[in-house]
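Chemist: need a structure here:
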Amino acid sequence: MQNYCSVCGTKLEDKEYCTGCGVKVNETGRTKKKTPIYALIWSIVIAGSGQVYNGEYLKAYSIAFLMSVSSFYGFPFIIPMIIWVYNIFDAYTTALKMKKNEIPHKYSSGRDIFFYIVLLILLGLMPWLIL
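Modeler: Residues are numbered from 1 along each chain as shown. This next block holds a predicted model:
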């Protein structure tokens, strides 16, 4: 019985990832799809982490940068709130589109989210370390 990637249709071999699109293959030989609820939860907890879950690193770091700049320069509370709500909406809809195969999947792991959170913590502490 031949297994094919549910994302791109490439014939799956005995590998951990699809050779066609790079999506992780689970134990049953099928590719893992993004779960929109995970992207939603990650984005609610930490802005940008849902984008990291979706494999959109540039978007995640852009959101983190915009959140920090808008907070640092004393913009009203509404601007960071708008960015945060956009972050949640974007992470959920992107994961949903990936699940429906409307856009290609991008690989990410829990380790990527961990390093993103560590980076945010270090950048948050940086002004205190300079003083």
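Chemist: tell me where this structure has helices.
Modeler: 36-45, 49-53, 57-72, 78-99, 110-130 (DSSP state H).
Chemist: pLDDT weak spots in the chain?
Modeler: Within the chain, the ranges that satisfy pLDDT under 70 run 1-9, 14-15, 23, 25-33, 74-75, 125-131.
Chemist: give me the domain ranges for it.
Modeler: Annotated domains of the chain cover 1-32, 36-130 [automatic domain parsing].
Chemist: can you put those domains in TSV and add mean neighbour count?
Modeler: Yep, even glycine has a C-beta here, placed from its N, CA and C like the rest. Formatted as TSV, the domains of the chain follow (neighbours: other C-beta atoms under 10 Å):
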stretch	mean neighbour count
domain 1-32	14
domain 36-130	16
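Chemist: now for the helices of the chain, which one comes closest to K11?
Modeler: Counting by C-beta to C-beta, K11 lies closest to helix 78-99 out of these; the figure is 21.3 Å.
Chemist: just checking, what packs against that closest one?
Modeler: helix 36-45, helix 49-53, helix 57-72 (3 or more C-beta pairs under 8 Å, 6 or more residues apart in numbering; DSSP states H and E).
Chemist: out of those, which gets nearest to I88?
Modeler: Counting by C-beta to C-beta, I88 lies closest to helix 36-45 out of the helices and strands packed on helix 78-99; the figure is 4.4 Å.
Chemist: could you name the helices and strands sitting against that closest one?
Modeler: Using 3+ C-beta pairs under 8 Å, 6+ apart as the test, helix 36-45 ends up in contact with helix 49-53, helix 78-99.
Chemist: now that helix against helix 110-130, angle please.
Modeler: Counting by axes from the mean of the first three to the mean of the last three C-alpha atoms, to 10 degrees, helix 36-45 lies at 10 degrees to helix 110-130.
Chemist: one step back: just send the helices and strands packed on helix 36-45 back as JSON lines, with distance to K34 too.
Modeler: Below are the helices and strands packed on helix 36-45 laid out as JSON lines (distance: least, C-beta to C-beta, whole Å):
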{"stretch": "helix 49-53", "distance to K34": "7"}
{"stretch": "helix 78-99", "distance to K34": "4"}
